[in-house]
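Asks: Provided below for reference: sequence and predicted model.
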Amino acid sequence: MRHRAVLVVTASLAIGLATVAPATAHSPAEGPLVQVSGTSAFLGCTADGVADQSGTVFLNSEVEPWIDVNPTDPDNIVGIWQQDRWSNGGARGLVSGVSFDGGTSWQEVVIPGITLCSGGTAGGTGDYQRATDPWLSFGPDGTLHQLALSFNDIAPPFEPKDFDHALLASRSADGGLTWSDPVPVIRDLDANVFNDKQTITADPTDADLVYAVWDRLVFPSSENASVRSGFVTSAFRGPVWFARSTDGGVTWEPARSLYDPGQNDQTIGNQIVVLPDGTLVDLFAEFHNENAQKLRGWSVRLIRSSDKGLTWSDSILVDRLQTIGVTDPQTGDPVRTGDIIPDVAVDPASGALYAVWQDSRFSDGQFDSIAFSQSRDGGLTWSAPIKVNLPETSFSELAQAERLSLDFFLKRSPAGTLDLYLNEQKTDEAKIRNVLGGMQSLKDQPATMSADKDIPYGEVVRIMDMLNGMGLHKISLMTRHVSPN
């Protein structure tokens, strides 16, 4: 049986990613909402010729934000986003929001020189109409790095310039207030390739090392010389590409391929994190059009490097990525939610890895939830995914609708120990195993997990992982709970 090949490109679609932060001893205090962005800095720009481009530009729109915190000054927070989004891909430029008081106040800074509206000049490095996929990363010395995908509107009549695109990196030595001129990490004019969905990671163990990673879509030269025609081709590849800077982002080594999943298959959402021992882990989503090893469709995978990116391992499977996407309940139209993009974080102390992604397995394929898996051996093995998204209802509201059979609660005792309760009765792992062993039907019942607000999130996830290992696969986190006496 023949199957239609599926290819995914994100340069034309905004994706918002959620960051998984390492568990800390205390939950951060929640303050009031603060507006970060304001009126677009590009309203007066005419250099990009809006009227001559295809699609619709939405002025004063901001999408696809990303944020990082300066490790040398936790009050220095910088976010970045697409400014003035186009309906068919990219934005007029990228803008950052910079705070030096922990997020209380912000000032906007245009990332300079990556598009015509942000200071690029005709024939220069930034001679592009659009930019997308904003990403930034602080180094251990406080240097801030950003990486943008800059490109031009692709519309007939096609010209060679339509296919010119580049990944442009720049750096800031003052917490995001000013930026260096952008440096091309890679540039292509070939209509049969497209570099997409890049990320940048400053090595927290070495300020001189900065890593860029992305998927590079390759279409056969026999196709019409057009990226758009390539999107519906029956033959394509989407390998992982990588580049490295060894001088703090001033210059970059030649880009190269790290991992190729094969013809008609691709990677996307590559993101590198660095373990405390310096090992690099690149986590990504991979799509297989073939049913090899019964893995047709999406999965979450990774590759590792123990020598700062010089050599890399074979791919390691984390788990299947079983998203069905999100649709508007009234119109049925698809909603862009980053459903095929996993996210990853590392605990800088223990080296534990945490991965999250959208997945419908917890509802038998009815709707997406947030799947969470963790690795405590550097990404070699992973826990079974558990559901961690928070319902916006209290336990009492749920109980009125349907009495749940299994209600777990984690509480800190006056002595400082963590006590686990099952249906408001204090329990422990052995007792839970006995209950589940004596009533196998309970494993098919939905369960809830909640905790006092001062309990570290990592402890909650540890208990959920333990319960999942006992056979409880329908566990949901709750935001509020009536604490046992």
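Replies: Perfect, I can see it now.
Asks: so where do the helices sit in the protein?
Replies: 227-230, 395-401, 429-438, 457-469 (DSSP state H).
Asks: contacts for the last one?
Replies: Identification of contacts with helix 457-469 by Cβ atoms under 8 Å, 6 or more residues apart in numbering yields 22-23, 27, 347, 352, 372, 374, 383-384, 386, 388, 408, 410, 418, 420, 429, 432, 447, 449, 451, 475, 477. Every residue, glycine included, has its C-beta placed from N, CA and C.
Asks: Comparing the helices of the chain, which yields the minimum mean pLDDT?
Replies: Averaged per stretch, pLDDT over the helices of the chain is lowest on helix 395-401, reaching a mean of 40.
Asks: what ranges of the stretch 101-250 of the chain fall below the confidence cut-off?
Replies: Counting by pLDDT under 70, the ranges of the stretch 101-250 of the chain that qualify are 222-234.
Asks: swap the cut-off to 50 and go again
Replies: For the stretch 101-250 of the chain, the stretches flagged by pLDDT under 50 are 223-231.
Asks: Which of the contacts of helix 457-469 are buried, as a PyMOL select command?
Replies: PyMOL command restricting these to the buried ones, with burial defined by 16 or more other Cβ atoms under 10 Å:
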select buried, resi 23+347+352+372+374+383+386+388+408+410+418+420+432+447+449+451+475+477
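Asks: what's the neighbour count on residue 319?
Replies: Residues contacting residue 319 under the criterion other Cβ atoms under 10 Å number 19.
Asks: same check, this time on residue 257
Replies: 12.
Asks: so it makes contact with residue 241?
Replies: Yes. A contact is recorded between residue 257 and residue 241 when judged using Cβ atoms under 8 Å, the distance being 5.6 Å.
Asks: Now do the shared contacts for these two.
Replies: Once Cβ under 8 Å, 6+ apart is applied, the residues that residue 257 and residue 241 both contact turn out to be residue 216.
Asks: Extract the residue ranges of the stretch 251-400 of the chain that are flagged as low pLDDT.
Replies: 392-400.
Asks: Let me see the ranges of the strands in it.
Replies: For the stretch 251-400 of the chain, strands defined by DSSP state E, counting those that start in this stretch occupy the ranges 256-259, 266-274, 280-288, 297-305, 316-320, 326-327, 334-335, 343-346, 353-359, 369-375, 386-387.
Asks: quick check: angle from the second one to strand 353-359?
Replies: So the one you mean is strand 266-274. Relative orientation of strand 266-274 with respect to strand 353-359: 150 degrees, computed using axes from the mean of the first three to the mean of the last three Cα atoms, to 10 degrees.
Asks: and the closest residue to residue 409 other than its chain neighbours, what pLDDT?
Replies: With sequence-adjacent residues excluded and distances taken as Cβ to Cβ, 6 or more residues apart in numbering, residue 409 is closest to residue 421, at 4.3 Å. Note on residue 421: pLDDT of 89.
Asks: my read: residue 421 touches residue 411, true?
Replies: Yes. Under the criterion of Cβ under 8 Å, residue 421 makes contact with residue 411 at 6.5 Å.
Asks: separation between the residue nearest to residue 248 when sequence neighbours are not counted and residue 251?
Replies: Distances taken as Cβ to Cβ, 6+ apart place residue 208 nearest to residue 248, at 5.2 Å, with adjacent residues excluded. Look at residue 208 and residue 251: by Cβ to Cβ, to the nearest Å, they are 11 Å apart.
Asks: what do you get for residue 325?
Replies: Here the distance between residue 325 and residue 251 works out to 41 Å (Cβ to Cβ).
Asks: go on, residue 162?
Replies: Counting by Cβ to Cβ, the separation of residue 162 from residue 251 is 29 Å.
Asks: Same question for residue 64.
Replies: For residue 64, the distance to residue 251 equals 27 Å [Cβ to Cβ].
Asks: Same check on residue 389?
Replies: Counting by Cβ to Cβ, the separation of residue 389 from residue 251 is 42 Å.
Asks: wait, residue 166 sits on residue 184?
Replies: Yes. Here residue 166 reaches residue 184: they are 4.9 Å apart, a contact under Cβ under 8 Å.
Asks: So for the two, which residues contact both of them?
Replies: When contacts are counted by Cβ under 8 Å, 6+ apart, residue 166 and residue 184 are jointly contacted by residue 125.
Asks: circling back to that earlier point, neighbour count winner among residue 208 and residue 251?
Replies: Neighbours per residue, other Cβ under 10 Å: of residue 208 and residue 251, the larger number sits with residue 208, 15 against 10.
Asks: which ones are touching the more buried one?
Replies: Under the criterion of Cβ under 8 Å, 6+ apart, the contact list for residue 208 reads 245, 246, 247, 248.
Asks: what's the burial count for residue 287?
Replies: Residues within reach of residue 287, counting by other Cβ under 10 Å, total 22.
Asks: Tell me what it is bridged to.
Replies: Beta-bridge pairing of residue 287 under DSSP bridges involves residue 266, residue 298.
Asks: Same check on residue 93?
Replies: For residue 93, the beta-bridge partners are residue 83 (DSSP bridges).
Asks: Run a quick neighbour tally on the residue nearest to residue 133 when sequence neighbours are not counted.
Replies: Taking Cβ to Cβ, 6+ apart as the measure, residue 133 lies nearest to residue 149, with 4.7 Å between them; neighbours along the chain are not counted. Other residues near residue 149 number 26, with proximity taken as other Cβ under 10 Å.
Asks: quick thing: my sequence starts at 32, can you match it?
Replies: All right, first residue 32 from here; so that's residue 180.
Asks: So what would you say the end-to-end distance of stretch 360-372 is?
Replies: Start to finish, the residues bounding stretch 360-372 are 22 Å apart (Cα to Cα, to the nearest Å).
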